[in-house]
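In: coordinates only, sequence not included:
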């Protein structure tokens, strides 16, 4: 047992060592930032740099961040800051990389290089090369610098606004603003014959806003930085920008891309996003063991000109003044650009709707044409049927006319004989002439009745009293009924008005009466009887023609109203088909049934005329 213990202990130590070697070592990055939160360029750079480094590093990275900015942001001396930073690494290895963000942090790190981990590589990031000056980089140093060409930015303002005479510089009172005022007063000398530069670094924020609200005509505002005002109060860039944009009466410009969309007009801007990606790439190479001298990153310059369409519109700057290749953002999209698929959907729906409407109009026109053709065909068929019916009633017509004509002839002969003799009494002659006149009127009525039935006509609906239509129809076939010894019975009924064509409805009844008479040709004379009844209901009226004939044969019962179907030896088979067509044209129905005691009943049902239903009165003559 004593021999096994050292072996087990050795094996356990081996496992612990193997486990520690398998775990990746976390790399430590010391991030020295120039200012506290609120500076838009440094905040965006730091945030993007952290994300890029975390996503692209092969090993875990821990970033320890300190603000070492100018006085006004921290209440400690630089030496105290150095001691505090070093104290955080007393119990830990020195950082693997030092990254400075902004000009003041780069100046701080250079000034205290020997105290701040001199063996650790240092990366000067997001720093204008003017801050680095002419001093060369050390053996363990490299930089991702930018060249903020402010004179070029002023040239851009003059290209957009050639009438500009004053440029008001917003810098705040901090160390960064003071540095840039010293640098730019000399760089802007070439504009002395064209522009006046006014520095607003001795005002509070409220005074700055009041001044910017009443700038002279042909002025422009240029934002460098702010940080703090003349009272020592610190402000975040986004608040200062929002207030300036709301109150200034002149267009606002800047040199860094982070401000586009916050109120500046635009121009050739330095991209903070691109700067963060480049810095993360250099940092990863240093963490992977590359020497700082081997990492040479070109100075980042202003990129493609970018402008805010909303500000161009606000200050009425025409787009033809923009530099070639400019990008215009935040343009108010057209309806097509913003709602492309919605527009397509609406257009598609409108197209479908238009097609449906066109189809419906075509169908409506076709239906209207079909209705006209149907009415025309109905008129032709009805005309043919009437002529056939009237042809069959020719003998009846001759007999009807013969009686009044014969009476007229006899009366005329009698009057002539009386006048040839010894003269006729005045009263007697008057009676004879009155009788001749009455018989002539009766003959004229008979002729007009039959001529009306034979006249070719279209459907012409008018208010009609159905009892008058029944009476006229019976008059047309009255002589034939008497010749065939058929009794006609009209059941009493209240007056009823329908909207219809008198001649066509008479044709319906005449056809049914003629068919009823033909059905009783072989029936004994005592049983030959036709009953016409009218059943007046709330919204309809049913007219029934009942005979005592042989009834409808079973084999044709289902095809009774089909054209060319007939039970008569000499029939054409179109009478009942025409009857049904006429009834359909009046919006009614017709049916036939055999009576239990023999014979058949045809019933025509029509709609009552609603407007006259509650006030029955004398029918309007058709």
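Out: Good, I have the coordinates. Please read all numbers here as calculations on a predicted model, not as lab measurements.

In: excluding its backbone neighbours, what's nearest residue 31?
Out: Spatially, and ignoring its direct neighbours in sequence, residue 31 is nearest to residue 65 (4.3 Å; CB to CB, 6 or more residues apart in numbering). In this view, the C-beta of every residue, glycine as well, is placed from N, C-alpha and C.

In: where does that neighbour land in three-state SS?
Out: strand (DSSP: H, G, I helix; E, B strand; the rest coil).

In: repeat for the one 4 residues further on
Out: Reduced to three states with three-state DSSP, the structure at residue 69 is coil.

In: That one: what's it in contact with?
Out: By CB atoms under 8 Å, 6 or more residues apart in numbering, residue 69 lies in contact with 33, 34, 35, 36, 102, 104, 105, 175.

In: Check the gap between it and residue 32 for me.
Out: Going from residue 69 to residue 32 by CB to CB, to the nearest Å gives 9 Å.

In: before we move on, which element is residue 124 in?
Out: Residue 124 is part of strand 122-128, with elements assigned from DSSP states H and E.

In: Look up phi and psi at the one residue sitting closest to the centre of the chain.
Out: Residue closest to the mean C-alpha point of the chain, counted by CA atoms, centre = their mean, is residue 346 at 4.2 Å. Here is the backbone geometry of residue 346 (degrees, to the nearest 10): phi -70, psi -40.

In: check which helix or strand covers residue 469.
Out: Residue 469 belongs to helix 466-483 when assigned by DSSP H and E.

In: got the buried residues for that helix?
Out: If you call a residue buried by 16 or more other CB atoms under 10 Å, then helix 466-483 has these buried ones: 466-470, 472-474, 476-477, 479-481.

In: quick one: average pLDDT of stretch 366-378?
Out: Per-residue pLDDT values across stretch 366-378 average out to 74.

In: give the contact list for the residue nearest to residue 31.
Out: Residue 65 neighbours (CB under 8 Å, 6+ apart): 31, 32, 33, 46.

In: I'd like the next helix or strand past the helix or strand bottoming out on mean pLDDT in the chain.
Out: In the chain, no helix or strand scores lower on mean pLDDT, DSSP states H and E than helix 4-22, which sits at a mean of 47. For helix 4-22, the following helix or strand on the C-terminal side (DSSP H and E) is strand 27-33.

In: relative to strand 122-128, how tilted is that following strand?
Out: Inter-element angle recorded for strand 27-33 and strand 122-128: 30 degrees (by axes from the mean of the first three to the mean of the last three CA atoms, to 10 degrees).

In: For strand 27-33, name the packing helices and strands.
Out: helix 40-56, strand 61-67, strand 97-101, helix 103-111, helix 272-287 (3 or more CB pairs under 8 Å, 6 or more residues apart in numbering; DSSP states H and E).

In: can you list these in TSV and add mean pLDDT?
Out: Formatted as TSV, the helices and strands packed on strand 27-33 follow (pLDDT from 0 to 100):
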stretch	mean pLDDT
helix 40-56	92
strand 61-67	90
strand 97-101	95
helix 103-111	90
helix 272-287	94
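
In: Return the most buried member of those.
Out: strand 97-101 (a mean of 27; mean count of other CB atoms under 10 Å).

In: and for it, what are the contacting residues?
Out: Applying CB under 8 Å, 6+ apart, the contact partners of strand 97-101 are 27-34, 42, 45-46, 49, 106, 108-109, 116-117, 120-127, 279, 283, 286-287.

In: Which parts of the stretch 401-550 of the chain are strands?
Out: Ranges of strands within the stretch 401-550 of the chain are 462-465, 487-490, 497-500, 529-536, 540-546, based on DSSP state E, counting those that start in this stretch.

In: Out of the ones you listed, which is closest to residue 300?
Out: Nearest to residue 300, of all the strands of the stretch 401-550 of the chain, is strand 497-500, at 92.1 Å by CB to CB.

In: Figure out how far that closest one is from the centre of its chain.
Out: Mean C-alpha position of strand 497-500 versus that of the full chain (CA atoms, centre = their mean, to the nearest Å) differs by 48 Å.

In: cool, stretch 32-50 as well?
Out: With CA atoms, centre = their mean, you get 46 Å for stretch 32-50.

In: wait, doesn't residue 577 sit right on residue 560?
Out: No - look at residue 577 against residue 560 with CB atoms under 8 Å: they stay out of range, at 9.3 Å.

In: if I look at residue 78, how far off is residue 123?
Out: Note on residue 78: its distance to residue 123, by CB to CB, is 20 Å.

In: who has more neighbours, those two?
Out: Remark: of residue 78 and residue 123, residue 123 carries more neighbours, 25 against 14, as counted by other CB atoms under 10 Å.

In: That one: what's it in contact with?
Out: 97-100, 141-144, 279, 282-283, 286, 292.

In: give me the beta-bridge partners of it?
Out: As for beta bridges, residue 123 partners with residue 99, residue 142 under DSSP bridges.

In: Could you check the pLDDT of it?
Out: Note on residue 123: pLDDT of 95.

In: go on, residue 189?
Out: 93.

In: Could you list the low-pLDDT ranges of the stretch 251-400 of the chain?
Out: 334-338, 374-400 (pLDDT under 70).

In: Now do the helices in it.
Out: Secondary structure of the stretch 251-400 of the chain by DSSP state H, counting those that start in this stretch: the helices cover 272-287, 309-314, 335-338, 340-392, 394-420.

In: so what pLDDT did the residue lying closest to residue 440 once chain neighbours are set aside get?
Out: Of all residues not flanking residue 440 in the chain, residue 408 sits nearest, at 6.2 Å (CB to CB, 6+ apart). The per-residue pLDDT reported for residue 408 equals 72.

In: Can you get me a residue count around residue 408?
Out: By other CB under 10 Å, the residues close to residue 408 number 18.

In: how far away is it from residue 55?
Out: 124 Å.

In: now residue 586
Out: According to CB to CB, residue 586 stands 86 Å off from residue 55.

In: One more: residue 583?
Out: 87 Å.

In: same thing with residue 257?
Out: Distance from residue 257 to residue 55, by CB to CB: 21 Å.

In: where are the low-confidence patches of the stretch 101-250 of the chain?
Out: Within the stretch 101-250 of the chain, no range satisfies pLDDT under 70.

In: Please, where are all the helices along it?
Out: 103-111, 129-132, 150-160, 175-187, 205-212, 237-247.

In: Out of those helices, which gets nearest to residue 490?
Out: Of all the helices of the stretch 101-250 of the chain, it is helix 237-247 that lies closest to residue 490, at 96.8 Å by CB to CB.

In: relative to helix 205-212, how tilted is the closest one?
Out: Using the same axes, to 10 degrees: helix 237-247 against helix 205-212 is 30 degrees.

In: Would you mind getting the angle between helix 237-247 and helix 40-56?
Out: Using the same axes, to 10 degrees: helix 237-247 against helix 40-56 is 140 degrees.

In: List the buried residues in helix 237-247.
Out: Of all the residues in helix 237-247, those buried under the rule 16+ other CB under 10 Å are 237, 240, 241, 243, 244, 245.

In: The second one touches residue 226, doesn't it?
Out: Yes - taking contact to mean CB under 8 Å, the distance of 4.8 Å between residue 240 and residue 226 places them in contact.
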